[in-house]
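Undergrad: fold the following.
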Amino acid sequence: MSIATVEKKRMWLVTGASGHLGNNVVRKLLQQDELVRAFILEKERPLALEGLNCEVISGNVTNAASLDSLYNGLEDFDITVLHLASMISIYAKAGQRIYDVNVEGTKNMLTAAKKYGVKRFLYCGTIHTLPLPEDFSTVIKESDHYEPDLLHGDYAKSKAMASQLVLDAARDGLETVIVQPSGIIGPNDYLSGHFTRLFEKLVDRKLPAMIHGSYDFVDVLDVADGLIAAAKFGRTGQSYNLTGHDASVLDIMNEAAKMTGRKTFKSTAPFWLAKLAAPFTEWWSKKTGKTPLLTPYSLYTMSTPHQFSNEKAKRELGYTVRPLTDTIRYTLGSMESRKRFKTSVIFRKSEATP
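TA: Numbers count the residues shown, from 1 in each chain. Purely as a prediction, here's the structure:
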């Protein structure tokens, strides 16, 4: 007599759940009626997760023992891990801490995943782990291995080391997949990332000038969709670029200025002047503890090739990218609704939905 197999419920474990990408991923999963357990550094439920119907577990990926609490009571579940916890830095020399979090933390997460029989393990890497060509027109695709020595800056190097650990785990039998977002922009940023602070200064009329520079920027909601699709359908041992639009910071800020009735920037400050000022702003930020708007490393990033291909993600995951103007308008509306601006602002609401 055959015994019918009972299908297990799936539990999604999300590290870094209170971050900009993390809380948007949690929101997307809950919209799909998935069960979510969020792993956070904070001792109490943070503002980013308030009102969301998910479990919250406090711990630290650098503390292997604290990861056991993440798996308590999940013996009867199929577990999918979304490892998003990461330390990001716009300083080239970020110090040992970034390796502790990004490399050792990932190593601890992989060890725990094997220990508890995780079904799928997704790691959120970054396009910064891909070596850059000399020619700006060269299309940059995914790689099947990572070489930290070819990269510039502790952030890129540490993420490459972690990504290689994830690929090695796939070769050892763990079902792993990697996604690699570009510069993330979008709503629900409770940690005041770069563009959130730029938008605040623009609307509050505290942004005196802009510098020339461009990069690939992607909507956080598109990344969240692509990330979940990769966890469900991505091929084991593969990586997927989740990128968006090649755009200048000047164009993004001018679009935001038009939407909010602020003056647009007619020109940019000379790049050489920004390079001269950047070391001072970095020194001052470390002295005061305030995050700067630019550093030598951020200027380096905006002056390097960035023609990243997302064709693989589109083809295999159904990945899509919304218009950048929709992203800007929805982000501004989200910030205004949370009273992030010190001055009043009225702008045309978008028909675009998140």
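Undergrad: may I ask which helix or strand of this protein has the lowest mean pLDDT?
TA: Lowest on mean pLDDT, DSSP states H and E among the helices and strands of the chain sits helix 271-288, with a mean of 68.
Undergrad: that one: what's the following helix or strand?
TA: Downstream of helix 271-288, the next assigned helix or strand under DSSP states H and E is helix 296-302.
Undergrad: how far out from the middle of the chain is that following helix?
TA: The chain centroid and the centroid of helix 296-302 are separated by 18 Å under C-alpha atoms, centre = their mean, to the nearest Å.
Undergrad: centre of the chain to the helix or strand harbouring L198, how far?
TA: Assigned by DSSP H and E, L198 belongs to helix 194-203. Centroid separation between helix 194-203 and its chain, computed with C-alpha atoms, centre = their mean, is 18 Å.
Undergrad: packing partners of the helix or strand just after that helix?
TA: Next helix or strand after helix 194-203 toward the C-terminus (DSSP H and E): strand 214-219. If contacts are counted by 3 or more C-beta pairs under 8 Å, 6 or more residues apart in numbering; DSSP states H and E, strand 214-219 sits against strand 183-185, strand 245-248, helix 249-260, helix 296-302, helix 324-337. All C-beta spots, glycine's among them, are computed from the backbone N, C-alpha and C.
Undergrad: helices or strands next to the first one in the packing?
TA: Applying 3+ C-beta pairs under 8 Å, 6+ apart, we find strand 183-185 packed against strand 214-219, helix 220-233, helix 324-337.
Undergrad: tell me the buried residues in it?
TA: Going by neighbour count (16 or more other C-beta atoms under 10 Å), the buried part of strand 183-185 is 183-185.
Undergrad: and if you look at the fourth one?
TA: Taking 16+ other C-beta under 10 Å as the neighbour-count basis, helix 296-302 is seen to contain the buried residues 296-299, 301-302.
Undergrad: for the second one, same thing?
TA: Neighbour-count burial for strand 245-248, counted by 16+ other C-beta under 10 Å, picks out 245, 247-248.
Undergrad: got it, and the last one?
TA: By neighbour count with 16+ other C-beta under 10 Å, helix 324-337 contains the buried residues 324-336.
Undergrad: picking that back up, for the buried residues of strand 183-185, give me JSON lines that also has pLDDT and distance to F77.
TA: Below are these laid out as JSON lines (pLDDT from 0 to 100; distance: C-beta to C-beta, whole Å):
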{"residue": "G183", "pLDDT": "94", "distance to F77": "35"}
{"residue": "I184", "pLDDT": "96", "distance to F77": "29"}
{"residue": "I185", "pLDDT": "96", "distance to F77": "34"}
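Undergrad: many thanks, we can stop here.
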